[in-house]
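Chemist: here's my sequence, what's the structure:
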Amino acid sequence: MKVTDEELMAYADGELSPVDAARIEAAIASDPDLALRLDAERKLRAALRGHLDPVAEEPVPDAWKEMIAAAAEEDAQAEERKVVSLAAARAEKAKKAAQEARGTARARPFMQRWGTGVAIAASLALGVFMGTQLTLKGPVTDRDGTLVASGALERGLDTQLAAASDKGSLQILTSFQRGDGDYCRVFASGGTSGIACKDDHGWVLERTINGGARQGTEYRQAGSANSELMAAAQDMAKGAPLDAEQEKAAKANGWKD
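Modeler: Numbers count the residues shown, from 1 in each chain. Alright, predicted model coming up:
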């Protein structure tokens, strides 16, 4: 029984339905390697809780309060500008499904002509497409089970200042230091927002949120994702966020304490 990384993480976080959880538990019981992966996920969460829980007791600096309030206000304004109609969403989904069905019907003669080779190639292409959420060759890569920034995202985190992030595909929302002294940055890139912290080898993605992801019957707007991340960053931070001069100095020093 194959268990994906996403399913294992959701199980460790207690986010699966009883039926799916039972399926994962059965797989773990018969697969020692899967049990070790689950143990590693749980140890990581325990370590993060041990590090972050004491920070939650600290008073919130005024600068963080202002930034979180601004992000929340942006979210509220976005919701006022765009009310998602579920009926319209369903109609659009049905329209797209009909278009895809027509496209499949047109393509069927080619599929029949070329046989299973095309079907296999199409399946591989779909697998590559689905894998872009955690691609190992794009802006995120895996380092011993830890997600780290790479490519353009890594370069942007290294060099881009928050003051210069009004335009472009990557926006740096703020920078701060957490309790252990590491520098962290809140970013938004495409449909994804996150928090990355610099260690000796690169930028570790401590948290990511898909800014356009659908949850249940509601759509999360980018402002909502940003406000969540700003609140999470405040919990992680040691003191106030970096001002422009502090950020320049941190960049010049290679984001090392």
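Chemist: pLDDT weak spots in this protein?
Modeler: Applying pLDDT under 70 to the chain flags the ranges 1, 51-56, 78-91, 97-138, 165-168, 190-191, 211-225.
Chemist: got the domain ranges for it?
Modeler: Domains of the chain are assigned by automatic domain parsing as 5-54, 61-82+135-252, 86-134.
Chemist: endpoints of the longest one, how far apart?
Modeler: Between the opening and closing residues of domain 61-82+135-252 lies a distance of 26 Å (CA to CA, to the nearest Å).
Chemist: stretch 2-16 now?
Modeler: Stretch 2-16: ends 16 Å apart by CA to CA.
Chemist: go through it and flag the buried ones.
Modeler: Residues 3, 7-8, 10-12, 16 are the ones in stretch 2-16 that count as buried (16 or more other CB atoms under 10 Å). Where C-beta positions appear, they are placed from N, C-alpha and C, glycine not excepted.
Chemist: got the contact list for it?
Modeler: 20-21, 24, 27-28, 31, 34, 37-38, 41-42, 45, 134 (CB atoms under 8 Å, 6 or more residues apart in numbering).
Chemist: can you rerun that using 6 Å?
Modeler: For stretch 2-16, contacts defined as CB atoms under 6 Å, 6 or more residues apart in numbering pick out 24, 27, 34, 37, 41-42.
Chemist: contacting residues for Q246?
Modeler: For Q246, no residue meets the contact criterion (CB under 6 Å, 6+ apart).
Chemist: ignore the last one, T192
Modeler: Neighbours of T192 in contact, by CB under 6 Å, 6+ apart: 208, 210.
Chemist: now G194
Modeler: If you count contacts by CB under 6 Å, 6+ apart, then G194 has 187, 205, 207-208 around it.
Chemist: switch to 7 Å and redo it
Modeler: Shown in contact with G194 (CB atoms under 7 Å, 6 or more residues apart in numbering): 187, 205, 207-209, 229.
Chemist: among these, who's most crowded?
Modeler: Neighbour counts for the contacts of G194 (other CB atoms under 10 Å) peak at F187, which has 27 neighbours.
Chemist: now D62: closest residue in space, sequence neighbours ignored.
Modeler: Spatial nearest neighbour of D62, excluding adjacent residues (CB to CB, 6 or more residues apart in numbering): A240 at 7.8 Å.
Chemist: looks to me like the one you found is in a helix.
Modeler: No - applying DSSP: H, G, I helix; E, B strand; the rest coil, one finds A240 to be coil, outside a helix.
Chemist: list the contacts of A232.
Modeler: Neighbouring residues of A232 by CB under 7 Å, 6+ apart: 195, 207.
Chemist: turn the buried residues of stretch 2-16 into TSV, including distance to R178 and secondary structure.
Modeler: Formatted as TSV, the buried residues of stretch 2-16 follow (distance: CB to CB, whole Å; DSSP: H, G, I helix; E, B strand; the rest coil):
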residue	distance to R178	secondary structure
V3	32	coil
E7	29	helix
L8	26	helix
A10	26	helix
Y11	28	helix
A12	23	helix
L16	30	coil
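Chemist: now tabulate the residues you listed in JSON lines and tack on distance to Q246.
Modeler: Converted to JSON lines, the buried residues of stretch 2-16 look like this (distance: CB to CB, whole Å):
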{"residue": "V3", "distance to Q246": "44"}
{"residue": "E7", "distance to Q246": "41"}
{"residue": "L8", "distance to Q246": "39"}
{"residue": "A10", "distance to Q246": "38"}
{"residue": "Y11", "distance to Q246": "40"}
{"residue": "A12", "distance to Q246": "36"}
{"residue": "L16", "distance to Q246": "42"}
